[in-house]
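>>> just coords:
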């Protein structure tokens, strides 16, 4: 973990911060410990809403996007290789000093280290807790320019970006759900965990829809959705799907909920989305949902809804229709 490797690098390992100036920290997890980064100089760059909010609550300076110049930078490697490279390129372009890279072996830190050694002088690494931390001196602004990546059109004509769910094209589970959606879905519809907007685009073809609320925790994913869903009935919300609250109750919710933040499956995230859907829906509201077949959502659905039925799917995915959310008695 960063909090175990960074102090070692700073305490006799050869890493030193510049005497002044802001230090950008790219994409630290919500529970990361930035021991070794001066809090009054740290600027957290985090576009995942729950983590963004968590850092702000801890009193850190937090931004969605990197702005201006930095005296140094720390990059916490994400799972996506393309996203990791883009993040490193951004850090190198904006830093006037040292750029620190930290990541777990399961997140590809070894391949990133090898690729960077082929281009620049790398210091370290510090190896501990199944990961590595290393750093480079102030690089030329264009040293990793070819690693830069942003929103781009897929072959299917949709805008996606590195690190966004299903960045290479339409997710098969979402495509199954889109084909199963009814023709009438009510006036107010919510796409909970909307990603880059595939399901919302389909919902807007249905009769009688007055508004579709795209709720998405990933800022870049939502920016892609704004390019993909240009219908004026679309409403975009950068928010955590488990605690977002609209002005009025929703008639129908569609969702392909996330089930991990890191690499390990965390079914409780999807279960929290089910609970949130029940909270958001009108008394006669409907939920249309797709999930990986191995994930245990049936019990949570039956706890939260009066009517639940599995309506199909395939060997990998299962489709659910749930209606009439249950309200807790006071």
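Perfect, I can see it now. Predicted model only: the values in this text are computed from it and were never measured. Residues are numbered from 1 along each chain as shown.

>>> and the helix or strand hosting residue 323, what does it pack onto?
Assigned by DSSP states H and E, residue 323 belongs to strand 317-325. Contact here means 3 or more Cβ pairs under 8 Å, 6 or more residues apart in numbering; DSSP states H and E; on that basis strand 317-325 packs against helix 172-180, helix 267-280, strand 281-292, helix 298-304, strand 305-313. The C-beta positions use only the backbone N, C-alpha and C, and glycine is treated the same way.

>>> at 7 Å instead, please
The criterion is 3 or more Cβ pairs under 7 Å, 6 or more residues apart in numbering; DSSP states H and E, and the helices and strands that strand 317-325 contacts are helix 172-180, strand 281-292, helix 298-304, strand 305-313.

>>> what would those look like in JSON lines with mean neighbour count and mean pLDDT?
Compiled in JSON lines, the helices and strands packed on strand 317-325 are given as follows (neighbours: other Cβ atoms under 10 Å; pLDDT from 0 to 100):
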{"stretch": "helix 172-180", "mean neighbour count": "18", "mean pLDDT": "96"}
{"stretch": "strand 281-292", "mean neighbour count": "21", "mean pLDDT": "97"}
{"stretch": "helix 298-304", "mean neighbour count": "17", "mean pLDDT": "96"}
{"stretch": "strand 305-313", "mean neighbour count": "15", "mean pLDDT": "96"}
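
>>> among those, which comes closest to residue 120?
Smallest distance to residue 120 across the helices and strands packed on strand 317-325 (Cβ to Cβ): 39.5 Å, for helix 172-180.

>>> and the average pLDDT for the helix or strand just after that closest one is what?
Per DSSP H and E, the first helix or strand lying C-terminal to helix 172-180 is strand 188-192. The average pLDDT within strand 188-192 is 98.

>>> per-residue confidence at the residue positioned nearest the centre of the chain?
Residue closest to the average C-alpha location in the chain (Cα atoms, centre = their mean): residue 218, at 4.2 Å. Listed pLDDT for residue 218 reads 96.

>>> what about the closest residue in space to it that isn't next to it in sequence, how many residues nearby?
Among residues not flanking residue 218 along the chain, residue 48 sits closest, at 5.9 Å (Cβ to Cβ, 6 or more residues apart in numbering). For residue 48, the count of nearby residues is 21 (other Cβ atoms under 10 Å).

>>> residue 48 against residue 220, yeah?
No. With contact defined as Cβ atoms under 7 Å, residue 48 does not reach residue 220; the gap is 9.4 Å.

>>> show me where the protein has its helices.
In the chain, the segments counted as helices under DSSP state H are 2-10, 49-57, 81-94, 109-117, 172-180, 198-203, 219-228, 267-280, 298-304.

>>> distance to residue 191 for the ones you listed - can I get that in TSV?
As requested, the helices of the chain are arranged in TSV below (distance: least, Cβ to Cβ, whole Å):
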stretch	distance to residue 191
helix 2-10	34
helix 49-57	15
helix 81-94	23
helix 109-117	34
helix 172-180	10
helix 198-203	4
helix 219-228	9
helix 267-280	11
helix 298-304	18
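
>>> lowest average pLDDT across these?
Ranked by mean pLDDT, the helices of the chain bottom out at helix 2-10, with a mean of 90.

>>> show me which residues of that helix are buried.
For helix 2-10, burial by neighbour count (16 or more other Cβ atoms under 10 Å) applies to 2-3, 5-10.

>>> with stretch 234-252 instead?
Going by neighbour count (16+ other Cβ under 10 Å), the buried part of stretch 234-252 is 234, 236-242, 244, 250-252.

>>> over to stretch 58-75?
For stretch 58-75, the neighbour count (16+ other Cβ under 10 Å) marks 60, 62, 64, 66, 70-75 as buried.

>>> thanks a lot, see you next time.
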